[in-house]
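J.: Give the three-dimensional model of this entry:
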Amino acid sequence: MGITINAKPLSIYSRWYLYAIHGYFCEVMFTATWEFVVNRNWKFPGVTSVWALLIYGTSILVMEKMYLLLRRRCSIFLRCLLYTLWTYTWEFTTGWVLRQFNACPWDYTPFHFDFMGLVTLEYALPWFCASFLVEKVIVHNTLRLRYEGDSGVGETWVNCFRKKKVE
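T.: Numbers count the residues shown, from 1 in each chain. Next comes the predicted model:
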């Protein structure tokens, strides 16, 4: 006597939302850690911009598509290189567009290997490592998530309790 669940994969909008929130959180944590390492600020003030939601959500959704196309065609190392190139392209493009409205929240001009203050080569290794984690943890697990469909959360809980009482 089991419960039939019509689970379906998350919609593109749900996945985008999860990716956006993940990127937003990571940005805050990265800037807090950077502030601690560089300035020994024990308050860990993490900062970001609301634009990070759009930027990360869209970027990781594109990385998801890249992963689905490339996973059987090339090694993880090559995929991470491609993700890193994509990240630099996306960061430069979104930064350039935001700069036109005086809304770009980052400025890499203090770095030695920056380009127009919008990207910097000093972040190549962190972006590479982040792309590995995005594929192996975030994208992989998000693609495994399922939406139960018509039965609401309350109904699911009721069915769980009923099942326990019957057994």
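J.: pLDDT-wise, which helix or strand of this protein ranks last?
T.: In the chain, no helix or strand scores lower on mean pLDDT, DSSP states H and E than helix 153-166, which sits at a mean of 50.
J.: Could you pull out the strands in the chain for me?
T.: According to DSSP state E, the chain carries its strands in the segments 8-9, 114-115, 119-120, 146-147.
J.: Need the winner for burial among these.
T.: Mean neighbour count, computed with mean count of other Cβ atoms under 10 Å, is highest for strand 119-120 among the strands of the chain, reaching a mean of 22. (C-beta placed from N, C-alpha, C; glycine too.)
J.: Show me what it is in contact with.
T.: 88, 91, 92, 95, 108, 111, 113, 114 (Cβ atoms under 8 Å, 6 or more residues apart in numbering).
J.: nearest to residue 28, of the strands of the chain?
T.: Nearest to residue 28, of all those, is strand 119-120, at 19.5 Å by Cβ to Cβ.
J.: partners of the closest one in the sheet?
T.: Sheet pairing here is set by DSSP bridges, and for strand 119-120 it gives strand 114-115 (antiparallel).
J.: Just give me the neighbour total for residue 27.
T.: 20 (other Cβ atoms under 10 Å).
J.: Which parts of this structure are helices?
T.: Secondary structure of the chain by DSSP state H: the helices cover 12-39, 51-70, 76-100, 124-133, 140-144, 153-166.
J.: what inclination does the longest one have with respect to helix 51-70?
T.: Comparing the axes of helix 12-39 and helix 51-70 via axes from the mean of the first three to the mean of the last three Cα atoms, to 10 degrees yields an angle of 120 degrees.
J.: quick one: average pLDDT of helix 12-39?
T.: Helix 12-39 shows an average pLDDT of 95 in the prediction.
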